[in-house]
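A.B. asks: Next input, structure requested:
(one chain, ligands or ions: 1)
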Amino acid sequence: MRVLGISGSLRRDSYNTKLLQAAGEIVEQHGGEFQLFDGLKAIPPYDEDDEIGYGPRAVVRLKRAIAKADAVLFATPEYNSSIPGVLKNGVDWASRPLAANPLRNKPVAVIGASTGMFGGVWAQAELRKVLGATGARVTEVELAVGHAHEHLDDAGHPIDPAQAESLRDSVEMLVAELQPLEMAA
Ligand SMILES: Cc1cc2nc3c(=O)[nH]c(=O)nc-3n(C[C@H](O)[C@H](O)[C@H](O)COP(=O)(O)O)c2cc1C
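C.D. replies: As a prediction, the model looks like this:
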């Protein structure tokens with residue numbers, strides 16, 4: 001079982017990237033492999049004219065990473081009540097061509113953290129909607145860590161036991177989506 005983590009933040013000390021790393025530990029405790037995608041910044045702005053062959057190298061890298069994974073866990077910040085542009089841009093590229101895109105039928109889940117009070121719930125809701133439009137199987141998990149600077153430790157673990165439990169539940173629900181597929185394989 002391979003889970004790919006994609007953070008919507010490029011920031012070195014990103015709370016969302018750290019939250020994903022904490023989620024990755026839970027994946028590994030379940031015997032899975034966790035990989036963090038680190039190539040979002042290299043992806044050019046979407047341009048249909050650049051969809052020649054397999055497209056730009058950085059896009060191929062993203063699409064291959066998604067295709068290789070059994071599931072994708074997104075952690076996104078919220079910028080102006082919505083999805084950060086770099087993440088939306090990456091998902092737009094990954095969604096092409098729509099009928100055969102690597103997100104189609106892929107189990108995905110969205111969690112996130114922000115320094116605001118509500119933890120980026122609007123960005124998360126929008127990302128779930130966008131992922132649904134690509135054909136991904138969006139797992140109904142919810143974890144929005146507000147005031148992330150106070151509620152995550154240095155390694156991205158939620159300090160509040162209820163949120164730590166919620167992170168574990170989120171990962172376990174995503175992993176549970178895979179079990180029928182793995183049994184059928
Ligand atoms: C352009 C911009 C817009 C932001 N808008 C919001 C917002 O709408 N809601 C919110 O909760 N936080 C907002 N924030 C604060 C982010 O939650 C905060 O920068 C957070 O640390 C970003 O996540 P990261 O630590 O993973 O980079 C905004 C930050 C930036 C840079």
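A.B. asks: Could you pull up phi and psi at the residue nearest the centre of the chain?
C.D. replies: Closest to where the C-alpha atoms of the chain average out (Cα atoms, centre = their mean) is residue 74, at 1.2 Å. For residue 74, the backbone dihedrals (degrees, to the nearest 10) come out as phi -100, psi 140.
A.B. asks: right, and it touches residue 3 too?
C.D. replies: No - with contact defined as Cβ atoms under 8 Å, residue 74 and residue 3 do not form a contacting pair (11.1 Å). Yep, even glycine has a C-beta here, placed from its N, CA and C like the rest.
A.B. asks: ok, residue 66 to residue 155 distance?
C.D. replies: Counting by Cβ to Cβ, to the nearest Å, the gap from residue 66 to residue 155 is 26 Å.
A.B. asks: And these two? Which one has more around it.
C.D. replies: Taking neighbours as other Cβ atoms under 10 Å, residue 66 and residue 155 compare with residue 66 leading, 22 against 10.
A.B. asks: Just give me the neighbour total for the closest residue in space to the more buried one that isn't next to it in sequence.
C.D. replies: Nearest residue to residue 66, sequence neighbours excluded (Cβ to Cβ, 6 or more residues apart in numbering): residue 102, at 4.1 Å. By other Cβ under 10 Å, 21 other residues sit near residue 102.
A.B. asks: Now for residue 102: which residues touch it?
C.D. replies: Listed by Cβ atoms under 8 Å, 6 or more residues apart in numbering, the contact set of residue 102 reads 63, 64, 66, 67, 94.
A.B. asks: Which of those residues are buried? Put it as a PyMOL command.
C.D. replies: Per 16 or more other Cβ atoms under 10 Å, the buried members of the contacts of residue 102 correspond to this PyMOL selection:
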select buried, resi 63+66+94
